[in-house]
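1. Sequence plus the predicted model coming up.
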Amino acid sequence: QVQLVESGGGLVQAGGSLRLSCAASGRTFNNYAMGWFRQAPGKVREFVAGIAWSSGRTYYADSVKGRFTISRDNAKNTVYLQIDSLKPEDTAVYYCAADRLYGSVLHTRLNDYDYWGQGTQVTVSS
């Protein structure tokens, strides 16, 4: 049974940093991409960053490039999202998700992802 468990969220002042973690278990993820999404109040869930587990290739939404960094630790089966220079508009629930890869295309759509975590709240105060 696949489990994705996010942690690391919290309340932080604008300009600060956070590192979110996603602990993955229940299967091997070598053929998967891991994605981070976020959902702000009243808004749709949106893709922010992803990483191909095997190759380490990363991809980002244009809106977060330069401030968000995704990485993974194979030994710990954990994916991280480092968020720097936080802004109030980054306030959202952040979700980790896993997408089975069948080729080289890395996906950004919600429906492409097979497994989801419960989310971790990030609140940025101005």
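-> Noted; the coordinates are in hand. Residues are numbered from 1 along each chain as shown.
2. Tell me what the residue lying closest to residue 69 once chain neighbours are set aside is bridged to.
-> Spatial nearest neighbour of residue 69, chain neighbours left out: residue 82 (4.3 Å); criterion: C-beta to C-beta, 6 or more residues apart in numbering. Backbone N, C-alpha and C define where each C-beta goes, glycine included. Beta bridges link residue 82 to residue 19, residue 69, judged by DSSP bridges.
3. separation between residue 82 and residue 68?
-> Remark: distance between residue 82 and residue 68 (C-beta to C-beta, to the nearest Å) = 7 Å.
4. ends of stretch 7-17, how far apart?
-> One end of stretch 7-17 to the other measures 14 Å (C-alpha to C-alpha, to the nearest Å).
5. Next, the buried residues of that stretch.
-> Within stretch 7-17, the residues that count as buried by 16 or more other C-beta atoms under 10 Å are 8, 9, 12.
6. Columns secondary structure, pLDDT and distance to residue 87 on top of the residues you listed, output as TSV?
-> Shown next, in TSV, are these (DSSP: H, G, I helix; E, B strand; the rest coil; pLDDT from 0 to 100; distance: C-beta to C-beta, whole Å):
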residue	secondary structure	pLDDT	distance to residue 87
8	coil	98	18
9	coil	97	15
12	strand	98	11
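7. I'd like the average pLDDT over stretch 72-82.
-> For stretch 72-82, the mean pLDDT works out to 95.
8. returning to that earlier point: so how far is residue 109 from the residue nearest to residue 69?
-> To residue 109, residue 82 is 24 Å away according to C-beta to C-beta.
9. higher neighbour count, those two?
-> Legend: neighbour count by other C-beta atoms under 10 Å for residue 82 and residue 109, higher for residue 82 (15 against 9).
10. Do I have it right that the more buried one meets residue 72?
-> No: Residue 82 is beyond contact range of residue 72, at 12.0 Å (criterion: C-beta atoms under 8 Å).
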